[in-house]
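Colleague: coords please:
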Amino acid sequence: MYTLPVRAKLMLLYFAVTFAGLILFGSLSYGALQYALLQGKRTHLQGREDRLISLLHENKTTSSPSILRDQLRNYALVTHEGNLFDIHSLDGALIFPSVEIDHAWSLPKNKDCSQPVYSSVIFDPQPAMALCHIIPVNGIMAVVRIGGSLDEEVYILRKYRNALLLLMPGLLILSSVGGYFLSGLALRPVSRMTKAALGIGIGNLSARLPVPVAKDELHQLAMVWNQLLARLEAAVTRLSRFSADASHDLRTSITVMLATAQLSLHRNRSEEEYRENLSKIVTECRTASTLLDALLALAQSDNFIHEVAFKEINLCDLVVSGCRRVEDLAESSGIILDWHLPPAPIYIQGDELLLQRLLGILLDNAIRYTPEHGEIRAEVFATPDATVVTVRDTGVGMSEDARRRVFDRFYQADLRERKSQAGNGLGLSIGRWIADAHGADLSVESTSSSGSVFQIAFPFESDLPFKASIP
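Modeller: Okay, the predicted model is just below:
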């Protein structure tokens, strides 16, 4: 079903409101003008009556009926609409004039004229207004009727009505045209917002709708939509980052499984060694399966918040497990991998899966940038303020500029000396996020051609969060 555009609806609304306003204004103004004209006519009749009473009062001193009739006749002759004037006794006998005028001039019966009574009458055959009042005339009480034609008032009302009827179509047309242009001006911010919204896509979620300056409903609408776009951008960004992080970890697991399988194929080993290698491959497969499950859950959910499950972890066992996980990868690259642990175990509160990812990232990064016959060493020790894990290598190192930016997402230093294909610049940024989620400090010390030392410092007491947004 076809519906009118908003602009057309607003124009029709302007038309309807203007039409109703004109009808109301015309009715009220016409009624007010009619009331004012009738009140003026009543005032005029009252003035005539006052002059008649004054004349009768002056005639009272003479007490001559003939003189009274002559004065009334002269009064009727010189008074405007003098033919609309008569005097009756209370029993109905005509006192003045001597001849009865048109019967249409008669007032309705049963009228009590002890107080001034105004009535509308028809006289010859125009509308008129009559005043009826009982006053003393020559010593007796008589009914005085004074009339006045309403021709002038009717003429004025007719002219005013015709003017309203002539002006109303023009005003309606003018209001419609004005409403059309005013609605266009009112909807101009909506048009700008619509054009801006058409340019926003999944690859351009950072764009925002223009916000009108006026603090009106459109301003609030634009603000709400911009907030929605900001939440959508944050959600898509977290989704993209989580997918990239999971892909990075999957690639690491696949690399470890590939290196372990290649070493097993190229060198004869005992059954126990084969079983150990298969067990390592199974562990990596489980890790990859966990990541795939996380990706599937992410695709089915709106929540991009990773639940960090803290529990007591033996940090020494974690480091040994992480080193054994990549020892075949290091061996296939001709690198010596070793670890050094304190005499007594050290326990911390943390998420074991996330810390395995962090250690795996540091070890994988060290293997990638350490040349053949190089050395990698993982250490665990305690200081007065923190528990520290370090991963030290004899690799190509990095410049001061690269060291400052190494934890930025997607940053890849231009290291010509690296012996493997470059990664995607996500590993160390993921590592920084995991360290932050544990309240730990991840730092690096490195110089070109002198290797690097990555250090994770876990404070003894810290307020650990139980949820962390995926970076």
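Colleague: helices of the stretch 51-200 of the chain, residue ranges please.
Modeller: With DSSP state H, counting those that start in this stretch as the criterion, the stretch 51-200 of the chain has helices at 65-78, 151-198.
Colleague: and the angle from the helix or strand that the longest one is followed by to helix 151-198?
Modeller: Read that as helix 151-198. Beyond helix 151-198 in the direction of the C-terminus, DSSP states H and E gives the next helix or strand as helix 217-266. For helix 217-266 against helix 151-198, the angle by axes from the mean of the first three to the mean of the last three C-alpha atoms, to 10 degrees is 10 degrees.
Colleague: helix 217-266 - contacts with which helices or strands?
Modeller: helix 151-198, helix 271-299, helix 315-332, helix 352-368, helix 427-437 (3 or more C-beta pairs under 8 Å, 6 or more residues apart in numbering; DSSP states H and E). Heads up, the C-betas are built off the backbone N, CA and C, glycines and all.
Colleague: export the helices of the stretch 51-200 of the chain to JSON lines and tack on mean pLDDT and distance to Leu13?
Modeller: Output for those, formatted as JSON lines (pLDDT from 0 to 100; distance: least, C-beta to C-beta, whole Å):
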{"stretch": "helix 65-78", "mean pLDDT": "71", "distance to Leu13": "60"}
{"stretch": "helix 151-198", "mean pLDDT": "86", "distance to Leu13": "7"}
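Colleague: buried sites along the longest strand out of those in the chain?
Modeller: Using DSSP state E, we find that the single longest strand of the chain is strand 126-137. Judged by neighbour count (16 or more other C-beta atoms under 10 Å), strand 126-137 contains these buried residues: Ala128, Met129, Ala130, Leu131, Cys132, His133, Ile134, Val137.
Colleague: do stretch 327-343 as well
Modeller: Applying a neighbour-count criterion of 16+ other C-beta under 10 Å, one finds Glu327, Asp328, Leu329, Ala330, Ser333, Ile335, Leu337, Trp339, Leu341 buried in stretch 327-343.
Colleague: picking up where we left off before, any chance of TSV for the helices of the stretch 51-200 of the chain, columns distance to Ser240?
Modeller: Below are these laid out as TSV (distance: least, C-beta to C-beta, whole Å):
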stretch	distance to Ser240
helix 65-78	104
helix 151-198	22
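Colleague: TSV for the ones you listed, including mean neighbour count and distance to Leu55?
Modeller: Shown next, in TSV, are those (neighbours: other C-beta atoms under 10 Å; distance: least, C-beta to C-beta, whole Å):
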stretch	mean neighbour count	distance to Leu55
helix 65-78	14	6
helix 151-198	14	25
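Colleague: all strands for the stretch 1-150 of the chain, in order.
Modeller: 85-89, 94-96, 117-123, 126-137, 140-149 (DSSP state E, counting those that start in this stretch).
Colleague: which one of these has the poorest average confidence?
Modeller: The stretch with the lowest mean pLDDT among those is strand 94-96, at a mean of 79.
Colleague: next one: that one to chain centre, how far?
Modeller: Computed by C-alpha atoms, centre = their mean, to the nearest Å, the chain-centroid distance of strand 94-96 equals 83 Å.
Colleague: again with stretch 162-179
Modeller: Averaged C-alpha coordinates place stretch 162-179 at 37 Å from its chain's average position (C-alpha atoms, centre = their mean).
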